[in-house]
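Enquirer: A structural model of the following input is requested.
(2 chains)
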Protein chains: 2
Amino acid sequence: MSSTLEKTSSFLPDAIDLSHHLSTLAKNRVQSPLKGLQKYYGKEGMLSLAGGLPHPSYFPFDEVKANALVANTFSADASSSSSKGALSWIWKLFSTPSKENTMPISIPKYPETPEDVNLSVALQYGLANGLPQLQKIVNEFSKTVYKPAYANFATIIHAGNTDAWNKTLMSLCNPGEGILTSEWTYPSAIASMKPFGINPVPIKMDCQGMSSTGLREVLSSWDAEARGMPRPHVMYIVPVGQNPTGATMLAQRKKEIYNICVEYDVIIVEDDPYYFLQEGPYVHPAQRASSVDRTIPSDEKYLNSLAPSFLAFDYQGRVVRLDTFSKTIAPGSRLGWFTCHPTFAEKFERQAETSTQAPCGFGQSLITELLINWQAKGYLRWLKGLGAQYTQRRDFFLDCILDKFHVEIAPATQNTRFPGSDIYVLSEKTATSWYHNEKSVRQTLVSFVPPSSGMFVWLSLHFDSHPKFKEFGQESLEMQFWTALADAGLLVGPGIMFSASQLEAPDSAPGHLRISFSNAEFEDLKKAIDIFAVVLKEFYRK
Amino acid sequence: MSSTLEKTSSFLPDAIDLSHHLSTLAKNRVQSPLKGLQKYYGKEGMLSLAGGLPHPSYFPFDEVKANALVANTFSADASSSSSKGALSWIWKLFSTPSKENTMPISIPKYPETPEDVNLSVALQYGLANGLPQLQKIVNEFSKTVYKPAYANFATIIHAGNTDAWNKTLMSLCNPGEGILTSEWTYPSAIASMKPFGINPVPIKMDCQGMSSTGLREVLSSWDAEARGMPRPHVMYIVPVGQNPTGATMLAQRKKEIYNICVEYDVIIVEDDPYYFLQEGPYVHPAQRASSVDRTIPSDEKYLNSLAPSFLAFDYQGRVVRLDTFSKTIAPGSRLGWFTCHPTFAEKFERQAETSTQAPCGFGQSLITELLINWQAKGYLRWLKGLGAQYTQRRDFFLDCILDKFHVEIAPATQNTRFPGSDIYVLSEKTATSWYHNEKSVRQTLVSFVPPSSGMFVWLSLHFDSHPKFKEFGQESLEMQFWTALADAGLLVGPGIMFSASQLEAPDSAPGHLRISFSNAEFEDLKKAIDIFAVVLKEFYRK
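Expert: Below you'll find the model as predicted:
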């Protein structure tokens, strides 16, 4: 068992609620000499005048209801219409949406059966670990889907993964420590660390995200004095559809990383919002029609097709998994859950007591009621459909890119920067070149590894052929290009925003942009690539 | 203007979202040389592929609805039935509740008019400062009700006052600093400070809460070396229905405290969840029927009857006011708002970006839609009715206490411990005394100042007449008595839990209990006092 489990951060608040006090006192308490008083308080036991709770009759909501989509709203077959050419299926999907099937759901303030979701409970204080019905659902879900490798794992509700990460680092870290991260990572995760005097320790990446070799190198050669901090004992990782690179880590790599973390006593915080946006490998449009299996997978086959969670290898209880409903239901849910060792769960609950308390009761009860109505099978069906939607979006967006550039595919074996993965190398489309350099050789302008999960394409910008490369360097050109895109009306994520490294990258490293294909209408995704191609052309002319 | 305004806590995260980056860059950016591209992105301006946002068609809620109580659900006249004797009005109110009037409210995913609350927006990322319609409502509410003494105050949504306080102290304080608090205060507020290396600096209290004399004494004689910390520049205060003492601070005291804070450059954080639970003075049952004005006050008269907010005196922008819907709508709302100087608001928004982000969209949209349906007038009517409900609860509960004990009222002029306030002194009811000491003089057992706001009665326990007082002392007897109550099935708040002082109180100071009359059914409030009286009797016999 990890010794880190027993460490306590200085940021961990003391227990504050009465039940903690009560249980401590109960250990030493004498039995009541006043048995006669039991007539006063009946079967519920305690009559509590301890908390500052309003009476539920003062909650001005008698019933909360919704019309919710049915679980099979979206086709679970991503390829069903994509082989007919881009325009036809855009219009089919978006111009005249077919009438959606909905089902009514309802949460009464005082339901007739005690098992039902109860609005008077959901809207009251308490239950920092979530509505009992929701606790049960997420616990069973984690058990079935992620299959933790130890029995007594705990699940506890939180208010979204950003909040959960904040609670995690305040529970596990102390000022002056470092956290292992991928060299490119979610900027908010780093912005959360810094105010606590905690710094990211970037680890090299490849096409599967964090490199296990890179991780071992950093940990095995750790020089606390030179680094100015002790060897890190916490890792932050987004293993599926990584933000920003889109990389997805498969079982073998996860096992390697887990074993290194055992060796060096590192807690793995698995922030996995994109887990159910696993889109499968990108297949070139020419091969797509013939390569895709159109049968809807069984639940078992579907779950087995997904990259496993770190929990599946976690025989020691050193993984803290963060799940969120932000991508599978809606970001405004501000609801998710931890799956972790009970020791950690207790710490997270204490963090919640002095900050968020329980997540919003309206959101909790509506989402719980939806999941109860869908049942586990329905939720899996919804997730299959959602995954297929993202596959269609990914395919459409990459198809648009391929349409605008000359593409060469450097197969996995030749890919030194992203070993094990095909890399798509873009250059001028037409023979009448506008961005050839003097040597008149096809210049790599942009390259990317097609993502197999998530919302993002991570473009590498090869400005080494730009006429002003020597004058400005890669990083400055990246920001100039980003600004030129913004001036032209296209907003994307500048690569430098996602850098976990405080050091300047060597000029030989490419610049980057993170482009999201998750939200825009299909016609806007196409427009965006049109703008991108025109601005890139202009940018080389300047 | 406060110099503290410009201080920045080390706990304040950097700005992380793209709009900050964008606005910085926009300052230096050249006009686009690519005007022709405007055809691609139309009137909305920017085409954004920057954020990791799901498309709203993937939110499985088409419409969220509720049956909400009408604004005049509760009588605004607290005395309407209370003069008829306890039992009759309990049953009238609670045994056969009259059918409640409800109104349907609804939030569609895509409303037809752009002004309407929009579920597809509420459930999306973004808007850390809240739904536009809600922003407007709370801003107008703060302006009308609290009347800030400067024009450019800001309002910004948060996820409940506990969360807001956490954000406030992380924005305004640094490790090693102290925060001015009342000597008895909300324990969660202190539990939030400690992990950041921040300690409470307790100030003496009287019947109006924090003493201005006590405050000046502490600030004027501050010895940074002896105290081991610089003079505090932040105050945490619950000025209405204070937790735990129930004290309410009136205008004159607030003005005094505000002026001292100007003199010593202190930011006042006004945590005011009980503001609308102002119950008026407690009138002895014998005088109640004849003393009460039964007319429902006009909105203006009602608002003028309430103790003013610190904002009303805040000509410098040094007040951070925390409002919550927890007591006026429901605790599960996890929703409230800051009213403060824009400089602070910007810091709180940045804290939200790396933790809670926006509050839950389900809760935001339902509460916003409710307030829109009620309109400002309806919400004020709801608040008047709610206040009257708490007045009835307070009166009923104190009546039950009076019924069980012999009561003497020490008028304001004789009250040295709580100057300016009547104090109710309880002793044995019957002549056949069970707790007379040898001298056979009426011994004070319990005393309290009837609260004029909030949820709590703060009982002082005078154990100096207890036979084992010399053996155990006040604090130990307090916990023994609290445990005896718990053993007998009655849970209340032990006084020591609310102490902001790290020093032991002198044994001459009384022990305390915080008892809440806000939540239990009326018959249970009565039962609780029955248990209390029996346990107290036994406790003196031991």
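
Enquirer: And the helices in the stretch 101-250 of chain A?
Expert: In the stretch 101-250 of chain A, helices defined by DSSP state H, counting those that start in this stretch lie at A:119-122, A:132-141, A:161-172, A:187-193, A:212-220, A:224-227, listed in chain order.

Enquirer: Now render the ones you listed as TSV, adding distance to chain B, mean pLDDT and mean neighbour count.
Expert: For glycine as for every other residue, the C-beta is placed from the backbone atoms N, C-alpha and C. What follows is the helices of the stretch 101-250 of chain A, written out as TSV (distance: least, Cβ to the nearest Cβ, whole Å; pLDDT from 0 to 100; neighbours: other Cβ atoms under 10 Å in any protein chain shown):
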stretch	distance to chain B	mean pLDDT	mean neighbour count
helix A:119-122	5	94	24
helix A:132-141	13	96	18
helix A:161-172	5	94	26
helix A:187-193	4	92	23
helix A:212-220	25	97	17
helix A:224-227	21	96	10
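
Enquirer: Residue A:509: which of these is closest?
Expert: Of all the helices of the stretch 101-250 of chain A, helix A:212-220 sits nearest to residue A:509, with 15.0 Å by Cβ to Cβ.

Enquirer: What lies in contact with the closest one?
Expert: Counting by Cβ atoms under 8 Å, 6 or more residues apart in numbering or on different chains, the neighbours of helix A:212-220 from elsewhere in the structure are A:180, A:201, A:203-205, A:231-232, A:253, A:256-257, A:260, A:263-264, A:266.

Enquirer: if I look at the residue nearest to residue A:239 when sequence neighbours are not counted, how far off is residue B:134?
Expert: Closest residue to residue A:239 apart from its sequence neighbours, by Cβ to Cβ, 6 or more residues apart in numbering or on different chains: residue A:249 at 4.3 Å. Residue A:249 sits 40 Å away from residue B:134, going by Cβ to Cβ, to the nearest Å.

Enquirer: what's the spatially closest residue to residue A:69 that is not a sequence neighbour in contact with, if anything?
Expert: Excluding the flanking residues, the one nearest residue A:69 by Cβ to Cβ, 6+ apart is residue B:60, at 4.2 Å. Taking Cβ under 8 Å, 6+ apart as the definition of contact, the neighbours of residue B:60 are A:68-69, A:73, A:329-330, A:370, A:382.

Enquirer: And for residue A:203?
Expert: Contact criterion Cβ under 8 Å, 6+ apart gives A:180-183, A:210-211, A:214-215, A:218 as the residues in contact with residue A:203.

Enquirer: Just give me the closest of those residues to residue A:461.
Expert: Distance to residue A:461 across the contacts of residue A:203 (Cβ to Cβ) is lowest for residue A:183, with 16.7 Å.

Enquirer: what's around the closest residue to that closest one other than its chain neighbours, how many residues?
Expert: Excluding the flanking residues, the one nearest residue A:183 by Cβ to Cβ, 6+ apart is residue A:202, at 4.1 Å. The number of residues packed near residue A:202 is 22, by other Cβ atoms under 10 Å in any protein chain shown.

Enquirer: Residue A:202 contacts residue A:178, correct?
Expert: No - judged on Cβ atoms under 8 Å, residue A:202 makes no contact with residue A:178 at a distance of 9.8 Å.

Enquirer: In the stretch 101-250 of chain A, what residue comes closest to chain B?
Expert: Evaluated by Cβ to the nearest Cβ, the stretch 101-250 of chain A has residue A:123 as its residue closest to chain B, separated by 3.5 Å.

Enquirer: pretty sure that residue contacts residue A:58?
Expert: No - with contact taken as Cβ under 8 Å, residue A:123 and residue A:58 are classed as non-touching, separated by 10.0 Å.

Enquirer: who touches both of these two?
Expert: When contacts are counted by Cβ under 8 Å, 6+ apart, residue A:123 and residue A:58 have residue B:330 as shared neighbours.

Enquirer: Which one's more surrounded, those two?
Expert: Neighbours around residue A:123 and residue A:58, counted as other Cβ under 10 Å, are more numerous at residue A:123. The numbers are 28 against 20.

Enquirer: Would you mind measuring from residue A:446 to residue A:423?
Expert: Taking Cβ to Cβ as the criterion, residue A:446 is separated from residue A:423 by 11 Å.

Enquirer: I misspoke; the intended subject was residue A:290.
Expert: Using Cβ to Cβ, one obtains 23 Å as the distance from residue A:290 to residue A:423.

Enquirer: More neighbours: which of these two?
Expert: Taking residue A:290 and residue A:423 together and counting by other Cβ under 10 Å, residue A:423 has the greater number of neighbours (22 against 8).

Enquirer: Per-residue pLDDT of the residue in the stretch 201-350 of chain A that chain B sits nearest to, please?
Expert: The minimum distance from the stretch 201-350 of chain A to chain B, using Cβ to the nearest Cβ, falls at residue A:332 (2.4 Å). Listed pLDDT for residue A:332 reads 95.

Enquirer: quick one, what contacts it?
Expert: A:363, B:122-125, B:358, B:360-362, B:364.

Enquirer: Just put those in TSV and tack on distance to residue B:193.
Expert: Shown next, in TSV, are these (distance: Cβ to Cβ, whole Å):
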residue	distance to residue B:193
A:363	29
B:122	33
B:123	34
B:124	34
B:125	31
B:358	25
B:360	26
B:361	30
B:362	31
B:364	28
